[in-house]
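*Asks:* 3D, please:
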Amino acid sequence: MKEKDTSRRDFIKKSLIGAAAFTIVPRFVLGGNGYLAPSDHLTKGVIGVGSMGRGHFGYAGTKTVAICDVDTRHLALAQKALGGGVKEHHDYRELIQDSEVDIVHIATPPHWHGIMAVEAARSGKDIWCEKPMTRTIGEGKKVKEAVAQHGNVFRLNTWFRFDANFYGMNVPVKKIKKLVETGMLGWPLKVTISKHTGFDWKFYWVGKENLPVETVPKELDYDMWLGPAPHKPYSAHRVHTTFRGYWDYDGGGLGDMGQHYLDPVQYFLGKDQESPVKVEVDAPQQHADAVGTWRKITYTYADGCQIILDGAGTEEGQAYIDGPKGKLYKGFVSDIPDMERKLAQYPDPAPQVTDFLEACRTRQKFALNEQNGYYSATLVNLGLSALRLNRTLHFDSDKQEFVNDEGANRLINQPMRGPWTI
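*Replies:* Numbering: from 1, shown residues only. Next comes the predicted model:
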């Protein structure tokens with residue numbers, strides 16, 4: 001009997017060890033001594049504590065317990081903002097493995113987003129990621145797959161599909177979606193995003209050609225800052241606030257603002273699981289290193305819906321949404337008679353889970369997550385691919401790859417500098 005009991009205990013012990021190897025859950029889910037109850041603050045580690053990262057320390061319901069940066073000056077400023085005493089890391093992998101961290105907040109340049117999000121997912125952390133979700137379509141696929149496999153809660157940090165007035169429309173996106181769902185505008189629809197409809201493409205995020213080679217400042221680990229990006233000589237304009245102007249790290253004004261502007265359009269058009277089948281570009285030939293400007297980018301879906309990105313500002317007087325039955329202009333003004341009264345008679349769109357901390361506690365999908373966020377990030381990356389190649393691209397929405405275009409497909413999974421992989 002004693003031998004049987006011993007064997008049984010050994011079997012249970014081995015089974016639990018095996019299960020632990022495959023199932024990692026966030027610390028706060030476990031409960032018990034030394035762990036936070038669901039009603040308490042969730043702990044957060046922030047990777048990248050430049051101005052963007054430091055702006056995210058104070059969210060109600062969270063406590064920042066760890067920070068990471070490759071610039072010691074940023075770490076010092078972050079410690080000062082937090083009152084000191086917070087664990088700091090030079091290597092993001094140490095922060096991700098920290099057992100005291102519930103949520104990993106990724107506030108680095110976009111060329112790091114995919115690698116860090118996948119590693120955080122594998123380590124059982126919930127993830128709050130700045131936009132754009134990833135710098136390439138292939139990295140977005142990897143993030144989506146990793147979160148699905150490990151059961152993390154993922155939030156992409158653009159909020160307009162569920163909160164705040166939407167730029168020049170001056171109303172929440174929910175109201176625009178409600179109007180689209182009524183059918184009063186008809187179908188298919190054309191959406192024009194330009195300065196005339198209230199959207200600034202921030203063309204000051206352009207790169208400089210023939211950058212001077214400069215000395216790396218002592219506070220910066222430039223090799224770690226580059227990470228998976230190709231090694232290029234240091235120049236101050238490549239890093240920190242002006243990195244957006246270089247293809248290796250981001251995509252200019254479209255990379256910066258694209259997901260803010262396009263994710264709500266994807267939502268109110270009902271395209272959260274669908275990509276355009278064609279992308280056309282009107283732009284100067286782009287430099288191989290420095291991102292430039294563009295005049296117009298046009299996305300077309302299989303059903304005829306279009307999204308127009310007007311960079312040159314030539315679409316003056318154009319409606320924000322143009323449909324066969326009616327138009328919607330900047331400021332939520334329409335040519336439909338008595339539109340507001342008619343709209344009030346219809347039900348609101350389906351509710352969304354918009355409290356990220358509650359989503360973490362209850363293990364629900366957040367409103368903007370790794371799935372719909374992947375598709376709106378892909379909108380950005382489709383436009384950037386067409387811009388870099390300066391030609392019309394055709395895309396297979398089901399396969400998520402370009403049609404008969406080897407050059408474009410090479411941009412889906414771009415090489416990473418060793419030893420970095422995703």
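*Asks:* can you tell me the SS state at the residue nearest in space to the middle of the chain?
*Replies:* Within the chain, one residue has its C-alpha closest to the average C-alpha position: by CA atoms, centre = their mean, that is M133, at 2.4 Å. Secondary structure for M133, judged by DSSP: H, G, I helix; E, B strand; the rest coil, is coil.
*Asks:* which ones are touching it?
*Replies:* Contact partners of M133, counting by CB atoms under 8 Å, 6 or more residues apart in numbering, are H113, A117, G140, V143, L156, Q259, E370, G373, Y374, S376, A377. Every C-beta, even on glycine, is put in place using the N, C-alpha and C of the backbone.
*Asks:* cool, and C68?
*Replies:* If a contact means CB under 8 Å, 6+ apart, then C68 has G45, V46, I47, G48, V49, E88, H89, H90, D91, Y92, E94, L95 as its contacts.
*Asks:* for ChimeraX, write a command that selects the buried ones of the residues you listed.
*Replies:* The buried subset of the contacts of C68, as determined by 16 or more other CB atoms under 10 Å, is captured in ChimeraX by this line:
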select :45,46,47,48,49,88,89,92,95
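*Asks:* just the ones of the contacts of C68 in strands?
*Replies:* For these, membership in strands holds for G45, V46, I47, E88, H89, with DSSP state E as the criterion.
*Asks:* sec struct for V279, please.
*Replies:* strand.
*Asks:* the stretch 51-200 of the chain: strands as residue ranges?
*Replies:* Using DSSP state E, counting those that start in this stretch, the strands assigned to the stretch 51-200 of the chain run over residues 62-68, 87-89, 103-106, 126-129, 154-156, 190-193.
*Asks:* try the stretch 301-422 of the chain
*Replies:* Along the stretch 301-422 of the chain, counting by DSSP E, counting those that start in this stretch, strands occupy 306-310, 321-322, 327-329, 333-334, 393-396, 401-402.
*Asks:* so who does the closest residue to M133 other than its chain neighbours touch?
*Replies:* For M133, the nearest residue in space outside its immediate sequence neighbours is A377; the separation is 3.8 Å by CB to CB, 6 or more residues apart in numbering. Residues in contact with A377, defined by CB under 8 Å, 6+ apart, are K131, P132, M133, T134, I137, G140, L156, Q259.
*Asks:* picking up where we left off before, need the contacts of C68 in a markdown table (columns: pLDDT and distance to L185).
*Replies:* Compiled in a markdown table, those are given as follows (pLDDT from 0 to 100; distance: CB to CB, whole Å):
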| residue | pLDDT | distance to L185 |
| --- | --- | --- |
| G45 | 98 | 45 |
| V46 | 98 | 42 |
| I47 | 98 | 42 |
| G48 | 98 | 41 |
| V49 | 98 | 44 |
| E88 | 97 | 52 |
| H89 | 97 | 50 |
| H90 | 97 | 53 |
| D91 | 97 | 51 |
| Y92 | 98 | 45 |
| E94 | 98 | 52 |
| L95 | 98 | 47 |
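*Asks:* just the contacts of C68 now: which is nearest A319?
*Replies:* The shortest separation between A319 and any of the contacts of C68 is 38.7 Å, and it belongs to G48 (by CB to CB).
*Asks:* returning to what we had before: what would the strands of the stretch 301-422 of the chain look like in TSV with mean pLDDT, mean neighbour count and distance to K218?
*Replies:* As requested, the strands of the stretch 301-422 of the chain are exported to TSV (pLDDT from 0 to 100; neighbours: other CB atoms under 10 Å; distance: least, CB to CB, whole Å):
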stretch	mean pLDDT	mean neighbour count	distance to K218
strand 306-310	98	22	41
strand 321-322	98	20	52
strand 327-329	98	21	53
strand 333-334	98	17	55
strand 393-396	98	18	44
strand 401-402	98	18	44
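*Asks:* nearest to D71, out of those?
*Replies:* Nearest to D71 among the strands of the stretch 301-422 of the chain is strand 306-310 (33.1 Å), distances taken as CB to CB.
*Asks:* could I get the full set of helices for the stretch 1-150 of the chain?
*Replies:* Remark: helices of the stretch 1-150 of the chain, listed N- to C-terminal, are 2-22, 27-30, 51-54, 72-82, 92-97, 113-122, 137-150; assignment by DSSP state H, counting those that start in this stretch.
*Asks:* next: the stretch 201-350 of the chain.
*Replies:* Taking DSSP H, counting those that start in this stretch to define them, one finds helices in the stretch 201-350 of the chain at 222-226, 252-268, 339-343.
*Asks:* just for the stretch 301-422 of the chain, where's the confidence low?
*Replies:* Under the criterion of pLDDT under 70, none of the stretch 301-422 of the chain is flagged as low confidence.
*Asks:* which one among the contacts of A377 gets closest to D200?
*Replies:* When those are compared for distance to D200, the smallest value, 14.8 Å, is given by Q259; criterion: CB to CB.
*Asks:* around the residue nearest to G407 when sequence neighbours are not counted, how many other residues sit close by?
*Replies:* With CB to CB, 6+ apart as the measure, L389 is the residue that lies nearest to G407, at 6.2 Å, once sequence neighbours are left out. Other residues near L389 number 19, with proximity taken as other CB atoms under 10 Å.
*Asks:* is it true that L389 touches N409?
*Replies:* No - the pair formed by L389 and N409 falls short of the contact definition of CB atoms under 8 Å, at 11.0 Å.
*Asks:* pull up the gap between A302 and H231, please.
*Replies:* For A302, the distance to H231 (CB to CB, to the nearest Å) stands at 41 Å.
*Asks:* got a list of what the closest residue to T72 other than its chain neighbours touches?
*Replies:* Distances taken as CB to CB, 6+ apart put E219 closest to T72, at 4.5 Å, once the chain neighbours are dropped. Contact criterion CB under 8 Å, 6+ apart gives D71, T72, R73 as the residues in contact with E219.
*Asks:* mind putting the contacts of M133 in TSV, distance to A66 included?
*Replies:* Output for the contacts of M133, formatted as TSV (distance: CB to CB, whole Å):
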residue	distance to A66
H113	18
A117	17
G140	26
V143	21
L156	21
Q259	26
E370	23
G373	24
Y374	27
S376	29
A377	26
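*Asks:* nearest to L328, of the residues you listed?
*Replies:* In terms of CB to CB, no member of the contacts of M133 lies closer to L328 than S376, at 20.2 Å.
*Asks:* now do the same contact list for the closest one.
*Replies:* Under the criterion of CB under 8 Å, 6+ apart, the contact partners of S376 comprise M133, Q259, L262, D263, Q266.
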